[in-house]
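A.B. asks: got a predicted model here, sequence first, then my questions.
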Amino acid sequence: MSNHTYVLSGSPLKNSRRRTGEPYMPKIITTVGQRPACLVNASVTYVGNDLIYAFGGFDQYTDEVYNHVLKLNLSARQWSLVDNYGDIPGVRMGHTSCLWQGDKLLVYGGENEHRTHLSDVVIFDIKTAHWTQPDVTGPIPRGRARHSAVIHDDKLFVCGGMSGNDNNGVLDDICFLDLKTWTWSRTWRFVPRYDHSTWVWGGKIWISGGMGEEMERTNEIWWLDFRGTPAFEGGPTYGMMGSEDARPLGERYSSYSFAAHQTPALSSTGYAANTSSVQSNSATQIQRAPPIAPGAISSVKFVSSPNLPIQNVGTHFHVFSSGCMLDFVTPATNMPLETSLSALDLDSLRWQKLADGKDLFAPAYRWHYCCLDADGTHAWLLGCPREVRGGNGDAEEYLSDVLPIDLRKFGLLGNKMSHEARNEQKLPTSDTYTGSSHLSAIGADLARTFNQPPESGSGTDFTITALRDDEYELENLSEDGCSPSATLTSPATLPAHTADSAASEESSASSNTSQPIHVHRLILSARWPHFARLYNAQMSEFHTRRMHVPEPYSAVHAFLYYLYTDSITTPSTTDYQGNHVLGAPGITGPSLEDVANMLVMSNIYDMPRLRHLCVNRLVRDLDVAHAALIFDRANTAQEDWLKRRSASFCMTHWGRIVRTSAFRSLKRASMLELCEGIDAEGRVVGGEELEAVGGLGGARLGSGMIGGLWGAGRKRGRLGSVGTALDGEMEDDVVEGSDEGMELS
């Protein structure tokens, strides 16, 4: 093999980058089969394997409540009615259905056709289509509908909802059902809500959306921190806190009136909610007001922000994915409304718009339900067209159409990757590395051996050089945005290498070659597919144990550090408990500029995971100082969505962007392409005029308000797309933090 000769391809420079194709646009699919009517308050759940299950609901045209189970096969695009057996539950609406153990639906509560609010638990086995009802113990919570429920740590948490009978109103309680013992916990007060969403993230229970006691939608978000709270993290407890808990278990129940196996009360028609037992609402179930939930309860009310979705406009679906609360703002009427996909980062409480509604939601459709997969990487909207279909004169009122959305296309990592990427403290980090680190145990250990000379005992056996940072400038890029030597580093054309003579290394300081980076061949072969192919081909790098990558030194250093640690996150100075967190010795984490250059490298070497991580961090940390650089690198890497996102940010903060070194360093072609994104009829608005219309204060003025340009283009009278040309000394100005106005409590 060592005697073989390899010729580097002379392929055109434009082919040196992996092309991503057309911009991502979700496509509506139309279903066939036994399509359900557009039911109100049914449960729609994605269960995996391209299957969605719908159960129950209310037909507003026939006043009929259902207990049908329907299945949508997304691959076949077909609905079918599921024959189900066992202890089939009665008809209901406003219930919740949670996927449990991967193959079961856990249904709780709801309201039957007699407006009786239920508090029973029924389980549907997806594999066998068989219903069962577990024997539950403990204080049965008040019956409810239009509540929220989430499964976490083998517990079914139930929050809020609407109750009936004598105390008709909005519930403000929270409780949980231990799914190991089928025992209900006691009930605590939390926040009054119905038609809301609930999820668990970072040791907190979050609530957003829906309506409160004033029957108005709100921009508030609430959370309960239950970490370290025995009432939530331990087994169920009953009675009041304090000495009362020391009473025998039977005496603890004496404060409550509940019946786990009570006989269902039949109506005049002989109807029972379930074929066996039922736990329904009773005004005497809990004789006294429950205490406030243990743990820290917090809330934030967003007053204004350029990216804040207005809750009383459109139809909103609040779901959780990747450490963010996603708000799908879909059209509710035929009138043109502002629609979008926005995300609230739960760590920083910052809003950002991921996509304009016109890029997602066709105005001719109305969406009724939204469901996500378990990892939060894909979403499905279910609805129907507004217009008459088929020419029969009647509008089609069925869940006939589905809009599948790949959330990864908008920079979201998914729940698993987001959890791994979070800056959480892990103690102990490992047996050998006793310090604190934002990295995982093996990542922290490997980071200690990264870029250490062989004589230190690190075991490094390979060196990589790059371009000196001071030699790498945007002006030197070729016309299509690639480095002149980048073609040599593409997977199709193996990279050139440096000479292995000692004189070459000694003279590198005076050339454009950086100092060497000491690495391990084993790690690079296991983590870098392109390196493995190159090394297995026994090119010159195999014999010289050297390699040159014609990219900036800091970016190559960060790229290799990622191969060791699987992390591109900058270490936090403190963990969530306020303790000081130390990174690996000598490591500060890649900068935003490094990550932007790593995005280009991920495109060159076809590394989708690294690309995903880079896009996520770049859009999350997008700021004035780096926006022009990110636009240029996204353009080079063919990341169209990130390119448009950074261009929109540049237009919003134009007055500051043009004063940054990154903007001044743009090559002429990129600068012109960025400027061409401005509305042709727009004009620059001064600071005072912009402040008069609320632009500087973050007020929400409509989807056209992405900057300080008065747009007289497609929609007259709306604000266009270029930010203000602010006066004053703004040299290399950087906007730090968030501009959202919020009220904390």
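C.D. replies: The structure has been received and is ready for your questions. Bear in mind that the values here come from a model prediction, so they are computed numbers and not experimental data.
A.B. asks: surely L341 forms part of a strand?
C.D. replies: Yes. Under DSSP: H, G, I helix; E, B strand; the rest coil, L341 sits within a strand.
A.B. asks: surely it touches F328?
C.D. replies: Yes. If you go by CB atoms under 8 Å, L341 and F328 touch, sitting 5.8 Å apart. To be clear about C-beta, it is placed using only N, CA and C from the backbone, and glycine gets the same treatment.
A.B. asks: surely L177 is in contact with D154?
C.D. replies: No. Using CB under 8 Å, L177 is not in contact with D154, being 9.7 Å away.
A.B. asks: neighbour count for the two, which is higher?
C.D. replies: Taking other CB atoms under 10 Å, L177 and D154 do not tie; L177 has more neighbours (26 against 13).
A.B. asks: residues in contact with the more buried one?
C.D. replies: For L177, the contacting residues are Y108, V121, V136, G138, K155, L156, V158, T183, W184, S185, by CB atoms under 8 Å, 6 or more residues apart in numbering.
A.B. asks: what mean pLDDT does the helix or strand harbouring it get?
C.D. replies: Counting by DSSP states H and E, the element that carries L177 is strand 169-178. The average pLDDT for strand 169-178 rounds to 93.
A.B. asks: could I get it in PDB with only the CA atoms?
C.D. replies: What follows is strand 169-178, C-alpha atoms only, in PDB (Å, rounded to 0.1, in the frame of the first residue of the first chain):
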ATOM      1  CA  GLY A 169     -64.300  27.000  37.900                       C
ATOM      2  CA  VAL A 170     -60.600  26.900  37.200                       C
ATOM      3  CA  LEU A 171     -58.500  24.600  39.300                       C
ATOM      4  CA  ASP A 172     -55.200  25.700  40.700                       C
ATOM      5  CA  ASP A 173     -53.900  22.400  42.000                       C
ATOM      6  CA  ILE A 174     -51.100  19.900  41.300                       C
ATOM      7  CA  CYS A 175     -50.700  16.300  42.300                       C
ATOM      8  CA  PHE A 176     -49.200  13.100  41.000                       C
ATOM      9  CA  LEU A 177     -49.900   9.400  40.700                       C
ATOM     10  CA  ASP A 178     -47.000   7.100  41.500                       C
END
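A.B. asks: quick one: strands adjacent to it?
C.D. replies: With DSSP bridges as the test, strand 169-178 is paired with strand 155-163 (antiparallel), strand 183-184 (antiparallel), strand 188-189 (antiparallel).
A.B. asks: go through the longest one and flag the buried ones.
C.D. replies: Which is strand 155-163. Neighbour-count burial for strand 155-163, counted by 16 or more other CB atoms under 10 Å, picks out K155, L156, F157, V158, C159, G160, G161, M162, S163.
A.B. asks: least confident of the residues you listed?
C.D. replies: Within the set of the buried residues of strand 155-163, pLDDT is lowest for S163 (88).
A.B. asks: ok, so what distance separates it from Y605?
C.D. replies: From S163 across to Y605, the span is 58 Å (CB to CB, to the nearest Å).
A.B. asks: one more: F302?
C.D. replies: Noted for F302: a distance of 41 Å to Y605, by CB to CB.
A.B. asks: and what of S342?
C.D. replies: Distance of S342 to Y605, computed by CB to CB: 33 Å.
A.B. asks: equivalent analysis for H152, please.
C.D. replies: Here the criterion is CB to CB. By it, H152 lies 38 Å from Y605.
A.B. asks: the two: which is more packed in?
C.D. replies: Using other CB under 10 Å as the criterion, H152 and Y605 rank with Y605 on top: 19 against 15.
A.B. asks: that one: what's its closest spatial neighbour, skipping adjacent residues?
C.D. replies: H530 (4.6 Å; CB to CB, 6 or more residues apart in numbering).
A.B. asks: now the closest residue to S148 other than its chain neighbours, which residues is it bridged with?
C.D. replies: Excluding the flanking residues, the one nearest S148 by CB to CB, 6+ apart is T198, at 3.8 Å. Bridge pairing for T198 (DSSP bridges) gives the partners I207.
A.B. asks: isn't T198 up against G210?
C.D. replies: No. Between T198 and G210 there is no contact under CB under 8 Å: 9.5 Å.
A.B. asks: show me where the stretch 101-250 of the chain has its strands.
C.D. replies: Ranges of strands in the stretch 101-250 of the chain, per DSSP state E, counting those that start in this stretch, are 104-111, 117-125, 130-132, 148-152, 155-163, 169-178, 183-184, 188-189, 197-201, 204-208, 220-225.
A.B. asks: partner strands of the last one, parallel or antiparallel?
C.D. replies: Just to be clear, that refers to strand 220-225. Here, using DSSP bridges, strand 220-225 pairs with strand 204-208 (antiparallel), strand 296-304 (antiparallel).
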